[in-house]
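Visitor: My questions concern the predicted model and sequence given below.
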Amino acid sequence: QVQLVESGGRLVQAGDSLSLSCAASGPAFGLYSMAWFRQAPGKEREFVSTISSSGDTVYYAESVKGRFTISRDNAKNTVYLQMSSLRPEDTADYYCAARRGRPSTLSPLYDYWGQGTQVTVSS
C-alpha cells in the first residue's frame, strides 16, 4: 500500500513558475513508476507527465513539453513537477499517481492516487 500526498499548489500569475511535490509513504517507493495527472473544472482527468522507477525514462503531454519537468528523489520518497511559463489553461487539480511496472500515460493503469493539489493560473 502506498499513500501519496501532494503539495505546492497555489494561485500564480501567467508566466510564473511553480513546483509541486508528491510525498510517498509505504514500502518500495523505488519500484514504482510515478505520474502527474490533472483535472480542470468540467473536464476529464488528463495525463501530464510520468517517470520510471529509476528516473531514467520520462514522458510528457504535448501541452506541457518544454515547460514542465518531472523528477524524483528515491531517497526522499518524493516526486516533483517543476512547472514554468504557466498559462491559464494549466489551471487544474494536479494528482500524483503510482504504479508498479513501466510508466504509462493511462490513468486506469495507476493503482495509487493522492488527493490532489490545486493550481490556479490567472491571466
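Guide: Now that the structure is in, tell me what you want to look at. Numbering: from 1, shown residues only.

Visitor: Surely residue 113 is in contact with residue 99?
Guide: No. With contacts counted by CB atoms under 8 Å, residue 113 stays clear of residue 99, the gap being 10.2 Å. Every C-beta, even on glycine, is put in place using the N, C-alpha and C of the backbone.

Visitor: Remind me which helix or strand the residue nearest the centre of the chain belongs to.
Guide: Nearest to the mean C-alpha position of the chain, by CA atoms, centre = their mean, lies residue 36 at 2.4 Å. Residue 36 is part of strand 32-39, with elements assigned from DSSP states H and E.

Visitor: ok, and for that strand, which residues are buried?
Guide: By 16 or more other CB atoms under 10 Å, the buried positions in strand 32-39 come out as 32, 33, 34, 35, 36, 37, 38.

Visitor: Closest one to residue 48 out of those, please.
Guide: In terms of CB to CB, no member of these lies closer to residue 48 than residue 36, at 4.2 Å.

Visitor: does that closest one have beta-bridge partners, and which?
Guide: Taking DSSP bridges, one obtains residue 49, residue 96 as the residues bridged to residue 36.

Visitor: Counting neighbours, what do you get for the closest residue to residue 69 other than its chain neighbours?
Guide: Leaving aside its chain neighbours, residue 69 sits nearest to residue 82 (4.4 Å; criterion: CB to CB, 6 or more residues apart in numbering). Look at residue 82: counted by other CB atoms under 10 Å, it has 14 neighbours.

Visitor: Okay, and the beta partners of residue 82?
Guide: Residue 82 forms beta bridges with residue 19, residue 69, as assigned by DSSP bridges.

Visitor: ok, it touching residue 71?
Guide: Yes. With contact defined as CB under 8 Å, residue 82 reaches residue 71; the gap is 7.2 Å.
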